[in-house]
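Asker: sequence first, then the predicted structure, then my questions.
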Amino acid sequence: MNALFAKVRASAFTAGADAESFVAAAADFLAELNAIHPFREGNGRAQLVFFHLLAARTGHPVRLEIIRRETFMPAMIASFRGDLKPLIGELRRLLG
């Protein structure tokens, strides 16, 4: 867990980071966080709130209200299996 949260100190999560670097780093972070989460229920919501806070901190506000469950859930599942492309696409779409 310490190694995962150390990633938040990366340049992709600092103010002024470009959107593509932020989205790629956020997808990687969320995929790992999802894989190690301790609870079955509520993780997705907590992860999205954390993503929202990271995005705001970097100057890339997100629009969580436009999440489409039918595409976001499969993207999270793909990321668990090592394929970050669908999740990167979903996160990119949420940027304001």
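Answerer: The structure has been received and is ready for your questions. What you see is a predicted model; the values in this text were computed from it and never measured.
Asker: wait, a strand at D28?
Answerer: No. If the criterion is DSSP: H, G, I helix; E, B strand; the rest coil, then D28 is helix and not within a strand.
Asker: surely F13 touches T58?
Answerer: Yes. Under the criterion of CB atoms under 8 Å, F13 makes contact with T58 at 5.8 Å. From N, CA and C alone the C-beta is placed, and that goes for glycine too.
Asker: which residues do these two both contact?
Answerer: Both F13 and T58 are contacted by F22, under the criterion CB atoms under 8 Å, 6 or more residues apart in numbering.
Asker: distance of the residue nearest to S21 when sequence neighbours are not counted from H37?
Answerer: Excluding its sequence neighbours, the residue lying closest to S21 (CB to CB, 6 or more residues apart in numbering) is A12, at 4.3 Å. From A12 over to H37 the distance is 21 Å, taken as CB to CB, to the nearest Å.
Asker: between those two, who's got more neighbours?
Answerer: Neighbour count, other CB atoms under 10 Å: between A12 and H37, A12 has more, with 21 against 13.
Asker: hmm, that one is touching A27, no?
Answerer: No. Between A12 and A27 no contact is recorded; they are 10.5 Å apart, counting by CB under 8 Å.
Asker: dump the residue contacts of the residue nearest to A15 when sequence neighbours are not counted.
Answerer: In this structure, A15 finds its nearest non-sequential neighbour in G59, 5.4 Å apart by CB to CB, 6+ apart. The contact partners of G59, by CB under 8 Å, 6+ apart, come to A15, G16, A17.
Asker: same check on A55?
Answerer: F22, A26, P61, V62, L95.
Asker: how about low-confidence regions in this structure?
Answerer: Residue ranges of the chain with pLDDT under 70: 38-42.
Asker: not counting residues beside it along the chain, what's closest to A17?
Answerer: T58 (5.1 Å).
Asker: tell me the phi and psi of that neighbour?
Answerer: Main-chain dihedrals, T58, degrees, to the nearest 10: phi -90, psi 0.
Asker: kindly report the same for L95.
Answerer: Main-chain dihedrals, L95, degrees, to the nearest 10: phi -60, psi 140.
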